[in-house]
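I would like to see how this sequence folds:
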Amino acid sequence: MSVFLVEDIAAIRDSLIEGMEELAPLQFVGQAGGETAARQWFDANHDNWDLAIVDLFLAEGSGFGVLKVCQARHPWQKVVVLTSHSQKNILDHCWDLGADEVFHKAADVDKLVDFCRAHAQHLATIPRTVQ
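As a prediction, this is how the structure comes out:
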């Protein structure tokens, strides 16, 4: 499973990449620290990812803008939010913008790993066609 990560804090980004690749059947194919870089990557790689993990509050732009870009995605492509915020209005906005799941950085990393494993299993059972 190909994963793209949007996270502006290098230590968190590096930790996620290292840990997630050990725990789930996935490979990070790209990363961005801000909204503009993420938008550029998605524009150039529309079909080349299976999962996007997006932080909401970035040094440049926001994860909300990234979620908007990801609304035009294939059915097999999933977008999850990984955030340290838990305010209901913020989480509701994520759902409104098409997030498939929302995970809390401190409490839900195990749930994120489980989601990744389940999505990888699902991908193995479906044909993926690009139109």
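
state the pLDDT value of the most centrally placed residue in the chain.
Nearest to the geometric centre of the chain sits residue 53, at 1.6 Å (C-alpha atoms, centre = their mean). pLDDT recorded at residue 53 is 98.

show me what whichever helix or strand it is part of is packed up against.
For residue 53, the enclosing helix or strand under DSSP states H and E is strand 51-54. In terms of contacts (3 or more C-beta pairs under 8 Å, 6 or more residues apart in numbering; DSSP states H and E), strand 51-54 is packed against strand 2-6, helix 63-69, strand 78-83, helix 109-125. For the C-beta atoms, the positions are set from N, CA and C on the backbone; glycine is no exception.

for the ones you listed, give me JSON lines that also has distance to residue 28 and mean pLDDT.
What follows is the helices and strands packed on strand 51-54, written out as JSON lines (distance: least, C-beta to C-beta, whole Å; pLDDT from 0 to 100):
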{"stretch": "strand 2-6", "distance to residue 28": "5", "mean pLDDT": "98"}
{"stretch": "helix 63-69", "distance to residue 28": "16", "mean pLDDT": "97"}
{"stretch": "strand 78-83", "distance to residue 28": "13", "mean pLDDT": "97"}
{"stretch": "helix 109-125", "distance to residue 28": "11", "mean pLDDT": "95"}
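
I'd like the ones you listed as CSV, with mean neighbour count appended.
Shown next, in CSV, are these (neighbours: other C-beta atoms under 10 Å):
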stretch, mean neighbour count
strand 2-6, 24
helix 63-69, 21
strand 78-83, 24
helix 109-125, 15
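
those: which one's closest to residue 47?
Residue 47 sits nearest to strand 2-6 of all the helices and strands packed on strand 51-54, at 10.0 Å, using C-beta to C-beta.

quick one: that closest one to helix 109-125, angle?
If you take axes from the mean of the first three to the mean of the last three C-alpha atoms, to 10 degrees, strand 2-6 sits at 140 degrees to helix 109-125.
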